[in-house]
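> okay, sequence plus prediction incoming.
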Amino acid sequence: MKILNQGETFLLQTDEVSWKPSTFAKGLSVKDIAIADGLEMQFVQMEAGAKIPVHTHELPEFIYIIEGELIISGKVLNKGCVSIAAVGSQHLDVHTVDGCTFLLIDKPV
């Protein structure tokens with residue numbers, strides 16, 4: 001994981017980064033990319049049936065669905081969909097039925 005300093009730019013071929021088990025929830029794997037100004041970029045893979053615990057956002061959260069489907073509060077997000085959560089918003093139900101991969105920009109866990 002690269003931690004950027006002010007004024008720094010970071011370039012990376014993401015295929016060179018290995019997947020590792022997430023510490024946030026079972027059934028998730030992540031590619032940690034970088035942290036800048038309090039936000040972290042990760043790629044996240046969720047296995048079929050995986051769930052993300054209830055959480056409140058201390059910083060904005062940005063999600064872009066790369067493949068599969070992610071269900072947030074009963075709404076299905078498919079490839080190309082985005083979710084943007086503002087500070088103070090809460091995710092009570094985030095899960096996938098068949099699995100998914102998404103880009104996540106959020107507060108580091």
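Sure, I can see it. Everything quoted here is computed from the prediction, not taken from an experiment.

> most centrally placed residue in this structure?
residue 104 (3.0 Å; CA atoms, centre = their mean).

> and the helix or strand harbouring that one, what does it pack against?
Assessed by DSSP states H and E, residue 104 sits inside strand 100-106. Applying 3 or more CB pairs under 8 Å, 6 or more residues apart in numbering; DSSP states H and E, we find strand 100-106 packed against strand 39-46, strand 61-68. For every residue, glycine as well, the C-beta is placed using N, CA and C.

> looking at those strands, which is buried most?
When you average the neighbours per residue for each of those (mean count of other CB atoms under 10 Å), strand 39-46 leads with a mean of 20.

> given that strand, what are its sheet partners and their directions?
strand 28-36 (antiparallel), strand 100-106 (antiparallel) (DSSP bridges).

> pick the most deeply packed of the ones you listed.
strand 100-106 (a mean of 19).

> neighbouring contacts of that strand?
Strand 100-106 has contacts (CB atoms under 8 Å, 6 or more residues apart in numbering) with 39-46, 57, 59-70.

> now the strand holding residue 104: how far from the chain's centre is it?
Remark: strand 100-106 is offset 3 Å from the chain centroid, using CA atoms, centre = their mean, to the nearest Å.

> identify the bridge partners of residue 63.
Beta-bridge partners of residue 63, as defined by DSSP bridges: residue 83, residue 104.

> what sits against it?
With CB under 8 Å, 6+ apart, residue 63 has these contacts: 70, 77, 82, 83, 84, 102, 103, 104.

> ok, those vs residue 9, which is closest?
Using CB to CB, residue 103 is the member of those that lies nearest residue 9, at 18.5 Å.

> mind checking the end-to-end distance for stretch 5-21?
Terminal residues of stretch 5-21 are spaced 27 Å apart (CA to CA, to the nearest Å).

> which residues does that stretch contact?
Stretch 5-21 is contacted by residues 2, 4, 28, 29, 30, 31, 32, 33, 34, 36, 43, 45 when judged by CB under 8 Å, 6+ apart.

> next: stretch 30-45.
1-4, 8, 10, 12, 14, 17-22, 28-29, 59-60, 66, 99-109.
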